[in-house]
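Visitor: Quick check, what structure comes out for this input:
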Amino acid sequence: MRHHAQRGQTFPIWAFGTLTVLTMTALALSYGQMVTWQMRAMNAADAAAKGMLSVQTTQWNETEATLHAAAIEEYRLRVTMNDLLEVIHGDGGCSASTAPSCATLYANLRQNYLDSLQRYTNDVMIIGRASNPTWTNQVSLIQSALAQYQTNCGTTSGGDCGFDYTLVEITPRPTTYLEDVYADCCNMVVGGGTQGNPKLDLTPMEIEIVACANVTPWIPTLWNWSGTSTQVVGRAAATSIMDTQEFMWAGSLVDPASASSAVFQQSEYPESSNDQTTGFANSDLYYRIDFGGNPNDTLNAGDPSTSNGVGGYTYTATHSGLYVAAGWWTAMPIQPFAGPLTSGVNYSCK
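Guide: Numbers count the residues shown, from 1 in each chain. Modelled structure (predicted):
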């Protein structure tokens, strides 16, 4: 009997140990759940902050791309106009006895000029539309985009449905703590200051967004104790930044996808009705549009651009040709900057 009594004393110890293990397991699961939700909150806020800045970065990239197209057309117009003047004066090899005659060359050049002028006009109109939004318009578009982001949650065009998203701050970016990246053929420079004082409509934004949710922990009811909801908050900020710049002779840069090592912007022959050389002995040197510059020009060597890490690039033209310098914008995360925030005052919580 004494032996059986000793065996019975182990049951309370076993029961207490089991209850302790279950409680610790529940607490561990609850802690893991909260950590998971916190990571979700941070990811949700970060994605929203960077995504909303696409209102500004996309506008600027569209403007850059259209400016490039317009620059190509403007170069065509300039060269074609000069070609027309040469034909009018009987220069460049044309004469009444040559084939094609000056009259034929003039007709082809004139049509090329009119076609290019129409494309240039269309490009300018697109630039006007792309660059039209002001700072106030951009802020309004971001607010609307965030509301749509919330409405479309759970889809490819929406956020995490577990959170409410609040735009807590949007402001021009100071130029004292974060600069753009400048790169050319020979070096890359980060920092150095932002040159000039652009007007507000052309100033990079910095934005902060809060993602918030009320989460009930996975703690079972123990001794009439039920888990209470906990507020999970994710704060993230981002800014618009030019992360790359491109410097090139549009007609000299070789397309790596070309089997024949052709350049991206190949020479054109506006004096021809089929964009092919008309057969002059000098390969239509006086009439063709060479975007890389005149290859017979001894000055057509090297890259005259330089980067000083402040203005991005400088360029002094030394010969005929189209030189392109473009920068492409994106959003990058930065440290939240809006200061202390209060739930229900500065942001809402789902």
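
Visitor: Please make it C-alpha for all contacts and neighbour counts, starting now.
Guide: OK.

Visitor: which regions of the chain sit below the pLDDT cut-off?
Guide: 1-33, 175-197, 218-227, 293-320 (pLDDT under 70).

Visitor: That one: helices as residue ranges?
Guide: Along the chain, counting by DSSP state H, helices occupy 2-8, 10-52, 54-88, 102-130, 135-151.

Visitor: which of these is buried the deepest?
Guide: Of all the helices of the chain, helix 54-88 carries the top mean neighbour count, a mean of 19, counting by mean count of other C-alpha atoms under 10 Å.

Visitor: what angle sits between that helix and helix 102-130?
Guide: Put simply, helix 54-88 runs at 160 degrees to helix 102-130, going by axes from the mean of the first three to the mean of the last three C-alpha atoms, to 10 degrees.

Visitor: now for helix 54-88, which elements pack on it?
Guide: With contacts defined as 3 or more C-alpha pairs under 8 Å, 6 or more residues apart in numbering; DSSP states H and E, helix 54-88 has these neighbours: helix 102-130, helix 135-151, strand 323-334.

Visitor: Using JSON lines, lay out those together with distance to Phe163.
Guide: Listed next are the helices and strands packed on helix 54-88 as JSON lines, based on distance: least, C-alpha to C-alpha, whole Å:
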{"stretch": "helix 102-130", "distance to Phe163": "33"}
{"stretch": "helix 135-151", "distance to Phe163": "8"}
{"stretch": "strand 323-334", "distance to Phe163": "20"}
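
Visitor: Nearest to Val210, out of these?
Guide: Checking those against Val210 by C-alpha to C-alpha gives helix 135-151 as the closest, at 11.3 Å.

Visitor: Looks like Gln143 contacts Leu167 (just checking).
Guide: Yes. The pair Gln143 / Leu167 is scored as a contact, 7.4 Å apart, by C-alpha atoms under 8 Å.

Visitor: show me what contacts Asp160?
Guide: By C-alpha atoms under 8 Å, 6 or more residues apart in numbering, the contact set of Asp160 is 44, 153-154.

Visitor: same thing with Ala237?
Guide: By C-alpha under 8 Å, 6+ apart, the contact list for Ala237 reads 46, 49-50, 206-209, 333-337.

Visitor: rerun that using 6 Å as the cut-off
Guide: Counting by C-alpha atoms under 6 Å, 6 or more residues apart in numbering, Ala237 makes contact with 49, 207-208, 333-336.
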